[in-house]
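Trainee: got a sequence here, can you model it:
(chains A and B)
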Amino acid sequence: MLVGISRKIEYSIRTDFFFHLQKLDSSFFTNTRTGSIMALMTNDLEAVRNFLGPGLLHLFNTIFVFITTLTVMFLINVRLSLYSLIAIPLVPVLVSRLGAMLYRRFKKSQEQYAVLSAKTQESIAGMKVVKSFTQEENEKNTFSKLNLDYIKRNLSLARVRSLFWPSMIFVGGIGTTVVLLVGGRQVIDGTLTIGQFVQFSAYIGFITWPLISLGWVINLIQRGSVSMGRINNVFKIKPDITNPPKPAAPETLQGNISFDHVFFRYELSEKTKKLIKENFIDFKDTFTRAIENNWVIKDMSFDIKAGMKVGIVGFTGSAKSTIVNLIPRLYNPQKGKILVDGFDIRSYPLEVLRSNIGYVTQEPFLFSKSIRENILFGKEELLSHLSESEITNKIIEVSKTSHLHEDIRQFPQKYETLIGERGVTLSGGQKQRLAIARALLSEPVILIFDDSFSNVDTNTEELILSDLKQKTFGITTIIISHRISTIKDSDLIMVIDNGEIKEMGKHSELIKKCSIYQSLYYRQQLSEELREEV
Amino acid sequence: MLEGFYEKDLVEKQIDKKIISKLFRYIKPYRLLLAFTIFLLLVTAGLQMAGPFLIKIAIDNYIMPGEFKGLLYVVVLYGLVILFEFVIRYFQGYYTEYMGQKIMYDMRMDIFSHINKMPMSFFDKNPVGRIMTRVTTDVQTLNEMLSSGIVTIFGDIFMILGIMIVMLSLNWKLSLIAFSVLILLAIATFIFRSKVRITFRIVRTKISNINSFLQETISGINTTKLFNRQKENNKDFKDLSRSYLDIYLKTIFYYAVFYPVVIIIGTLAVALIIWYGGQKVIANLLTLGTLVAFIQYIEKFFHPISDLSEKFGILQEAIAASERIFKLLDQKPSIVSPVEPVKVKEIKGNIKFNKVWFAYNDKNYVLKDISFKLETGQSVAFVGATGSGKTSIINLLNRFYDIQKGKIFLDDIGIKRFNLQYLRKHIGIVMQDVFLFSGTILDNIRLGNKDISLERVIEASKYVNAHKFIEKLPDKYNYEVKERGQVLSVGQRQLIAFARALVFNPEILLVLDEATSSIDSEIESLIQDALGKIMKNRTTIVIAHRLSTIRNVDKIIVLSHGRIVEKGTHKQLLKLRGIYYKLYKFQYQLQA
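Mentor: Numbering: from 1, shown residues only, chains lettered A, B, ... in the order given. Down below sits the predicted model:
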């Protein structure tokens, strides 16, 4: 029964944890490794369950057997009982001493394991450097050292672990020896019958095993509580980006966007940092740069009127993506305000804000589901009032706009084709076009394309763009692109450099006065001409 | 709707003899140790069996007759036995683990060095995570089998046999009665295990479904946020989690049935023995001590039986893990040194490409019919649009990839005739995406090669203009670079890469010089300067984007769609008024 309950508790912890994860900010995920979060849900959760299930079960069992057996033993012969229990006090001493040592050494071994894993990972990721500088031997030596250190720590753990069981068995054995001596003496003296003696030896046998398992149980309890603590630490992390307590903004959006002296940098609150650090020894502070007081976005202000087509250009790393990340509140700016239709975006419920924004990332994340499910992603509820065939028609329509439909028709299972490891692998361009379809389906008021055409060839891109132009009439569209041709006809073009707006205007203006824009434009024209050459 | 997550492969793997023999190769160096631990195990088993026997003697020979001295003697002996058992058990446990760890060490080293031998195409195909699993998790699983599996299986079998022999020798009739019940126990245990194991496989599939869903959700968290899919995700996850729970609750049924059955069978055995043996004791055909010893032996029986059936599961998992490991180890690296590499005193550094065709996969050629020559100390720049194939040139000379057609010569010797390490030692490379290892700046420049002194590193850093900014870091050359060097700017990392190439002082240099946007103009000019310096007197192939770099080279080759379309010096190409001319013109306009 207890085992069943422990499984049910495991189930609730797991689902609660998942629900909690979904609420956490993006910054939490940039600073933790997926593997570490997964470890919480596998190793740690298992430890908790073992503590709740087998752990508690054995604990109750042990206590019950102990009490009943001891009662009977004392009823038979008090003196012999006391003697036979002579070694019992050793148990808690041993368990707590050895247990603590075990725990420490186990932790050390686990830490070294993490180091070894990290080294392996780095070595594989940097294989090109290793190979070109022929540092294979060197790498091997480093790895060998870490590997050796790891087994050394394991052996130091083994020295204690190998002591654990034998010592428990030994303590149990002392009980039997004492019974043999004192009980035998009593039988010879005639104060104990031989039957009682046999009974006693059997009882000693009864309590020996629970005794031994007690050590194991205590170990389980210790590990379980440590793991529970680690899981709790994550529950303690509260998201910064939440719904306003009283939404003040309207439910429907027009699509005006303005930035008002916005400053932003990636950072974690000290409290969150501490909680993450406690849990993940491989905590990576991706945001160290924040310490250097480096704003990723500096004092940015602009106004976009509803229905405008806006282009954003700039070199790699100039924080173009960061700007558009702020609009659906993936991150909160530290200073300044972002307004949509004149209301601070913080006054909108997150669902309202985000469902009105269609967002296409450069490397779209697709799920291991069917193409249909991927396009429908997140809109299931929104479209639930429609019939299956109506939804299908809508999906086909957006797929046509993003010029994906023809590709899908080539697949044997059409829209039901699975994507990912167990299904087809889509090309970079197909992925981007699917992401565009996904964003269009919700009929958003604001459309954001974050370099979404980089893997789509220029001809298809132009076709998509011209189709979009008709469909997105009246929709605010922000396009980040490396290709000037993509954004040339925008109502407004922003040139971003190092987190600041260098210049704003139309193509005809920028080409005259903005050097960065010129350089981008020429480089682009050049590669196009080169392409046409052959 | 979540069928994408379901592992279809539920077919149980048969234990492959080949794998066993391969595994045995790893055990072989430690066979003496293995024999020793098994010996210790036998001793423990023997000692364990001695316990009840001593009690029998104590009861029959000393307690019943009332000889206290003799009893004392047996008690001391019993005490010694348990003490001895304690010591032996300890060493047995430790040395078993010791052996397991040693084997793990060997195996990890083997896998790691094997990975190091694999060609770049291997890393294109296999994600880092998967390769890592081989070195870490899979080896760990094997360890479990080695340290707790094999040795204990021997011990358990011996234990069962030993107890049976002792019991038989004590009283064969009583033994047979006991065995008849114990066989029931063995059958029940194995039935239970097989039932539980089958469901366990389904359980494992379910848990892996849960984990992959979890992993995907974490990786795609921003998409989920942007599309407001938290609610549906929660529902999907709940369903997965629920079906896992349900399957588990089913196995609990088996547990709930099994444990009472074990207790009933055990009690039945004891009862039978007391009933039958008790009659004999009364009839004086059996001593009381023997009866007591029998009861104790029966208790000792159950442990090895349940242990054995449990080990079966571990064994299967370990086999699956070793299968994956050996599959990796069996993959022969496709790019290797020749059996008899050519012996040369020194590399001069003249390079010749003769009608080279290259494709990353199959016939999808990215380089077509490329021929060019480069004398010692000369430099060539490859220019062309993205996708023209120019970056692939860099991967060929040092044999990161082998070409399909044509031939590449170094000092007029085909590069395939060189020892691979030797060849690469003489070719330096400066890449676009500078990979920094976690460690100090010093070690990142000399790549942990202790033969290169700090002075030399500083000298090189000064030469390539890296010294200045390194001096400004908190610990200077001992500054710890965090994961992938996030704190350093792109430009600074590039300068470190130059210093790295320089300390190894290669005769040939390959430079991937993509115009990086986020480099500020100050560092940009430092990079330009450094690049010019290290190219001096070295045969250099530059994949260039900056025209300023190109102007300093001896020869320019313009690539388009994998073919050479223009070739010549800066002046010649300008006169040609072709692609290069346009390229230059744009750049000129830019600077004007």
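
Trainee: which SS class is residue A:259?
Mentor: Classification of residue A:259 using DSSP: H, G, I helix; E, B strand; the rest coil returns strand.

Trainee: count of neighbours near it?
Mentor: Residue A:259 has 22 neighbouring residues, counting by other Cβ atoms under 10 Å in any protein chain shown. In this view, the C-beta of every residue, glycine as well, is placed from N, C-alpha and C.

Trainee: again, but for the one 3 residues further on
Mentor: For residue A:262, the neighbour count with other Cβ under 10 Å is 21.

Trainee: what do you get for residue B:124?
Mentor: Counted with other Cβ under 10 Å, the neighbours of residue B:124 add up to 11.

Trainee: skipping its backbone neighbours, what lies nearest it in space?
Mentor: Spatial nearest neighbour of residue B:124, chain neighbours left out: residue B:360 (7.4 Å); criterion: Cβ to Cβ, 6 or more residues apart in numbering or on different chains.

Trainee: measure the one you found to chain A for me?
Mentor: Distance of residue B:360 to chain A, given as Cβ to the nearest Cβ, to the nearest Å: 15 Å.

Trainee: check residue B:175 too.
Mentor: Counting by Cβ to the nearest Cβ, the gap from residue B:175 to chain A is 19 Å.

Trainee: which residues does that residue contact?
Mentor: Neighbouring residues of residue B:175 by Cβ atoms under 8 Å, 6 or more residues apart in numbering or on different chains: B:164, B:167, B:168.

Trainee: so which of those is the closest to residue A:321?
Mentor: Distances from residue A:321 to the contacts of residue B:175, taken as Cβ to Cβ, are shortest for residue B:164 (72.9 Å).

Trainee: surely the closest one touches residue B:176?
Mentor: No - assessed by Cβ atoms under 8 Å, residue B:164 is found out of contact with residue B:176, at 10.4 Å.

Trainee: more neighbours, those two?
Mentor: Ranked by neighbour count (other Cβ under 10 Å), residue B:164 and residue B:176 place residue B:164 first, with 16 against 11.

Trainee: any idea how far residue B:358 is from that one?
Mentor: As judged by Cβ to Cβ, to the nearest Å, residue B:164 and residue B:358 stand 69 Å apart.

Trainee: same thing with residue A:245?
Mentor: 62 Å.

Trainee: neighbour-wise, which of these two wins?
Mentor: It is residue B:358, of residue A:245 and residue B:358, that has more neighbours when counted by other Cβ under 10 Å, with 22 against 6.

Trainee: that one touches residue B:367, doesn't it?
Mentor: Yes - counting by Cβ under 8 Å, residue B:367 is a contact partner of residue B:358 at 4.2 Å.

Trainee: got any residues that touch both of the two?
Mentor: By Cβ under 8 Å, 6+ apart, the residues touching both residue B:358 and residue B:367 are B:392, B:396, B:403.

Trainee: pick the one among the residues you listed closest to residue B:383.
Mentor: residue B:392 (14.2 Å).

Trainee: so residue A:494 is in which element?
Mentor: Residue A:494 belongs to strand A:492-497 when assigned by DSSP states H and E.

Trainee: and for residue 234, the neighbour number?
Mentor: Answering for chain A, as no chain was given. With other Cβ under 10 Å as criterion, residue A:234 counts 22.

Trainee: my question was about chain B, not that one.
Mentor: Using other Cβ under 10 Å, residue B:234 has 16 neighbouring residues.

Trainee: tell me the spacing between it and chain A.
Mentor: The value you get for residue B:234 to chain A, if Cβ to the nearest Cβ is used, is 5 Å.

Trainee: doesn't residue A:18 make contact with that residue?
Mentor: Yes - if you go by Cβ under 8 Å, residue B:234 and residue A:18 touch, sitting 6.7 Å apart.

Trainee: what's whichever helix or strand comes after the strand holding residue A:494 in contact with?
Mentor: With elements assigned by DSSP H and E, the helix or strand that comes after strand A:492-497 is strand A:500-505. The contact list for strand A:500-505 (Cβ under 8 Å, 6+ apart) reads A:297-302, A:314, A:492-496, A:510, A:513-514, A:516-517.

Trainee: any idea of the mean pLDDT in strand A:500-505?
Mentor: Mean pLDDT, computed over strand A:500-505, is 83.

Trainee: can you tell me the strand partners of that strand and which way each runs?
Mentor: Sheet pairing of strand A:500-505 (DSSP bridges) gives strand A:492-497 (antiparallel).

Trainee: check which helix or strand covers residue B:298.
Mentor: For residue B:298, the element it lies in under DSSP H and E is helix B:288-330.

Trainee: let me know whether that helix sits next to chain A.
Mentor: Yes - in terms of Cβ under 8 Å from any Cβ of the partner chain, part of helix B:288-330 sits within range of chain A, namely B:288, B:291, B:292, B:295, B:296, B:299.

Trainee: list the contacts for whichever residue of the stretch 151-300 of chain B sits closest to chain A?
Mentor: Closest to chain A within the stretch 151-300 of chain B is residue B:227: 2.9 Å, counting by Cβ to the nearest Cβ. By Cβ under 8 Å, 6+ apart, the residues touching residue B:227 are A:354, A:377, A:378, A:379, A:438, A:442.

Trainee: so the second one touches residue B:226, yeah?
Mentor: No - with contacts defined as Cβ under 8 Å, residue A:377 does not count as touching residue B:226, sitting 9.8 Å away.

Trainee: shouldn't residue A:145 be within a helix?
Mentor: Yes - checked against three-state DSSP, residue A:145 lies within a helix.

Trainee: and it, how far is that from residue A:139?
Mentor: 11 Å.

Trainee: which of these two has more residues huddled nearby?
Mentor: Shown here are residue A:145 and residue A:139; by other Cβ under 10 Å, residue A:139 has more neighbours (24 against 11).

Trainee: so that one is in which element?
Mentor: helix A:136-178.

Trainee: briefly note if that helix comes near chain B.
Mentor: Yes - applying Cβ under 8 Å from any Cβ, one finds helix A:136-178 touching chain B at A:136, A:138-140, A:142-144, A:147-148, A:151, A:154-155, A:158-159, A:161-163, A:165-167, A:169-170, A:173-174, A:176-177.
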